[in-house]
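> what follows is a protein structure lacking sequence information:
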């Protein structure tokens, strides 16, 4: 369950601002890493969570009670399965515990992988 306010947010800035400072820091780190890996992507709120779009949905992320979820689609989870062994994953989701550092270098590589996948499916 997300801890965001009842009022719907319309920007990633609003979404991040709705959380306590420690969570905000992690969300900002994640956003910055995604932005650097995908400088041409556009930001949006989709499904109520931050979304980056580039030739379609690229990745989503969101804060929850004990973790931050990163949604790189099932292809992103499958491609990095070995490196994700220490994290809870499901078909298209990776959970990063709030009490541990974010694996930002891995996030960057996953985003770059998703960019290539979206470019290939476009052509």
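Received, thanks. Everything numeric here is computed off the predicted structure, so don't read it as measured data.
> hey, where'd the strands end up in this structure?
In the chain, the strands defined using DSSP state E lie at 42-46, 49-53, 57-63, 67-71, 88-90, 93-97.
> direction included, what does the longest one pair up with?
Looking back up the chat, that one is strand 57-63. Neighbouring strands of strand 57-63 in its sheet, by DSSP bridges, are strand 49-53 (antiparallel), strand 67-71 (antiparallel).
> from the chain's centre, how far out does the first one sit?
Meaning strand 49-53. 7 Å (CA atoms, centre = their mean, to the nearest Å).
> how about the helices of this structure, start to end?
For the chain, helices defined by DSSP state H occupy the ranges 12-17, 21-37, 73-79, 104-122.
> need those helices in a markdown table (columns: mean pLDDT and mean neighbour count).
For glycine as for every other residue, the C-beta is placed from the backbone atoms N, C-alpha and C. Putting those into a markdown table (pLDDT from 0 to 100; neighbours: other CB atoms under 10 Å) gives the following:
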| stretch | mean pLDDT | mean neighbour count |
| --- | --- | --- |
| helix 12-17 | 97 | 18 |
| helix 21-37 | 98 | 16 |
| helix 73-79 | 96 | 17 |
| helix 104-122 | 94 | 16 |
